[in-house]
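Colleague: Provided below for reference: sequence and predicted model.
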Amino acid sequence: MSKLKIYTVPAPVLKEKAQPVARIDDTIRKQMDDMLETMYAAPGIGLAANQVGLLNRVLVMDLEYREEDGAANPIFMANPEIIWHSEELSCMEEGCLSIPEQFAEVKRPAQVKVKYIDRDNKEQELDASGLLSHCVQHEIDHLDGIRFIDHISSLKRNMMVRRVKKLVKDYEVL
Ligand code: NI
């Protein structure tokens, strides 16, 4: 496995729509594994292909990973599709590895049902609520070129993009 570069705002790739995967082959499996390693190292709970500069509909998530004892429960998804969502909404503070150190409350359907292809090419469904629901919707948004800051006011959004640009520039100087 290898670590991939994570693109940060305002990288154009984060605003592009990713294309469906035909099937899960060894290349896609390697991409999924590399994305997982990259996400664990960051650390984060979700990562979509756009964030590592790839434009296929692949994402990884793990809400249970703990570095200390190696606990993990990774979820690999290709071609995820929300096939049902609740009318009830949920508001939760979100962050993003592509928008480091910035957080904002985002309102989304509280529960969703997601259809997807897993790492072994099998069709699966996931019922998500709470943090997992926010996470999977956030990652699917990425595949459609939508960042969580696109759900908040343009004033806050522009401020966060400016902060990240400065932050990234500071890292590069070090
Ligand atoms: Ni994100």
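Modeller: Sure thing, it's come through. Keep in mind the model is a prediction, meaning the values are calculated, not measured.
Colleague: contacts only, for the nearest residue to Ala71 once chain neighbours are set aside.
Modeller: Of all residues beyond its chain neighbours, the one nearest Ala71 is Glu64 (5.7 Å), with distances taken as CB to CB, 6 or more residues apart in numbering. Where you see a C-beta, it was placed from the backbone N, CA and C, and this is true even at glycine. By CB atoms under 8 Å, 6 or more residues apart in numbering, Glu64 lies in contact with 71-73.
Colleague: shouldn't Glu64 be within a strand?
Modeller: No: the assignment for Glu64 by DSSP: H, G, I helix; E, B strand; the rest coil gives coil, which leaves it out of any strand.
Colleague: re earlier: which of the contacts of Glu64 has the largest number of neighbours?
Modeller: Using other CB atoms under 10 Å as the neighbour criterion, Ala72 leads those with 12 neighbours.
Colleague: doesn't Asp62 make contact with that one?
Modeller: Yes: the criterion here is CB atoms under 8 Å, and Ala72 meets it with Asp62 at 5.9 Å.
Colleague: count of neighbours near Ser90?
Modeller: Per other CB under 10 Å, the neighbour tally for Ser90 reads 17.
Colleague: for it, helix, strand, or coil?
Modeller: strand.
Colleague: what sits against it?
Modeller: Counting by CB under 8 Å, 6+ apart, Ser90 makes contact with 107-110, 130, 133-134.
Colleague: can you check Pro43 too?
Modeller: Neighbouring residues of Pro43 by CB under 8 Å, 6+ apart: 65, 67.
Colleague: does Tyr171 count as helix, strand or coil?
Modeller: Here Tyr171 is recorded as helix under three-state DSSP.
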